[in-house]
Every structure is written in structure tokens, then in C-alpha cells.
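[1] Take this sequence and fold it.
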Amino acid sequence: MSDETLAAKVVDKMYNNDPFSKWLGIERIKDGPGESVLRMTVRKEMLNGFNIAHGGITYSLADSALAFASNGHGRMSVSVETSISHTESLKEGDIITATAKEMSLSNKIGIYHIEITNQDSKMVALFKGTVYRTSKSWSV
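    Residues are numbered from 1 along each chain as shown. Below you'll find the model as predicted:
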């Protein structure tokens, strides 16, 4: 099985058992070992008291991209540290895309940068995630 096929099968299994990512309305654009591209639309129920997207929305999209990218190698990986910087506000109807890139990978630790952009390709948030790579493999 190719690396790309393995990644797609792992992410299929993860996404099919992930009601929160489904509630967000996440669309998978690209799955791969160490990479993920996800897209979603900001809905009214995702807005806060300022009538802009709650910070947890971009965080959650990026967190899903981190999970899919890091598990795409076929080994179960879990986040141990994450952070996000919000650079622009989002409104209802905005379409956001998270692009996860693997920056470093060792036997036990993976480090990822996820850039979130809007429909105009403007960066709206930057997310950094560190995962612990367990010894367990995904059965797909």
C-alpha cells in the first residue's frame, strides 16, 4: 500500500468516527503522510458576542488538520502541546482553509505548523502543534 493510500485510509477511519469535525462541516481537500488540507465555512452558531467567529473555531479546524497529518503516517499520534495566534477576525460565511505541514518528525515526536487562510488566501491564524507518536499502528 502506498504512503498516500495508507494516509487516506487512516484519515477515513478517523473522520468517520469524529462527530465534532463533521459538525464543523470540515471538507477534506488533501490527506497525506505528514500533511493535511481542510476547508470549512463559518456558520452563525460559530459566532461569539462580537459577531465574529469564536477563536475555538479556527483552533478546532487546525487541531483536526494536526490530527489527520500526524496520524497519516499510520502510527497513532496524540497532541501534547498546541498554540494558536489569531491574526484576522472571521465573519459568518467566511470559508477557511487549514494547511498542515510537518516541520520535524522523529520516532516519538512530530512538530507541525498549520496556516489558516480565508477565501481570499489571507492568513487569519497560525497554529503550532506537537504530537507524541505512540508505538501503536492504525489497522486499516
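
[2] Relative to the whole chain's centre, how far out is the helix or strand harbouring residue 76?
    Following DSSP states H and E, one finds residue 76 within strand 75-86. How far strand 75-86 lies from its chain's middle: 9 Å, per CA atoms, centre = their mean, to the nearest Å.

[3] same question, stretch 53-61
    Per CA atoms, centre = their mean, the centroid offset for stretch 53-61 relative to its chain is 11 Å.

[4] Outside of it itself, list whatever touches it.
    20-21, 24, 26, 38, 40, 42, 46-48, 82, 84, 86, 89-92, 94, 96, 98, 116, 124-125, 127 (CB atoms under 8 Å, 6 or more residues apart in numbering). Quick note: C-beta positions are derived from backbone N, CA and C, even for glycine.

[5] buried sites along the strand or helix carrying residue 60?
    Per DSSP H and E, residue 60 falls inside helix 55-71. Of the residues in helix 55-71, those buried by neighbour count under the rule 16 or more other CB atoms under 10 Å are 57-71.

[6] Would you mind writing the CA trace of it as PDB?
    Provided in PDB are the C-alpha atoms of helix 55-71 (Å, rounded to 0.1, in the frame of the first residue of the first chain):
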ATOM      1  CA  GLY A  55     -11.500  31.600  18.400                       C
ATOM      2  CA  GLY A  56     -12.200  27.900  19.100                       C
ATOM      3  CA  ILE A  57     -13.400  27.500  15.500                       C
ATOM      4  CA  THR A  58     -10.100  28.200  13.800                       C
ATOM      5  CA  TYR A  59      -8.400  26.300  16.700                       C
ATOM      6  CA  SER A  60     -10.600  23.300  16.100                       C
ATOM      7  CA  LEU A  61     -10.100  23.300  12.400                       C
ATOM      8  CA  ALA A  62      -6.300  23.400  12.900                       C
ATOM      9  CA  ASP A  63      -6.400  20.700  15.600                       C
ATOM     10  CA  SER A  64      -8.200  18.400  13.200                       C
ATOM     11  CA  ALA A  65      -5.600  19.100  10.500                       C
ATOM     12  CA  LEU A  66      -2.900  18.300  13.100                       C
ATOM     13  CA  ALA A  67      -4.500  15.000  13.900                       C
ATOM     14  CA  PHE A  68      -5.000  14.000  10.300                       C
ATOM     15  CA  ALA A  69      -1.500  15.000   9.200                       C
ATOM     16  CA  SER A  70       0.300  13.400  12.200                       C
ATOM     17  CA  ASN A  71      -1.700  10.100  12.000                       C
END
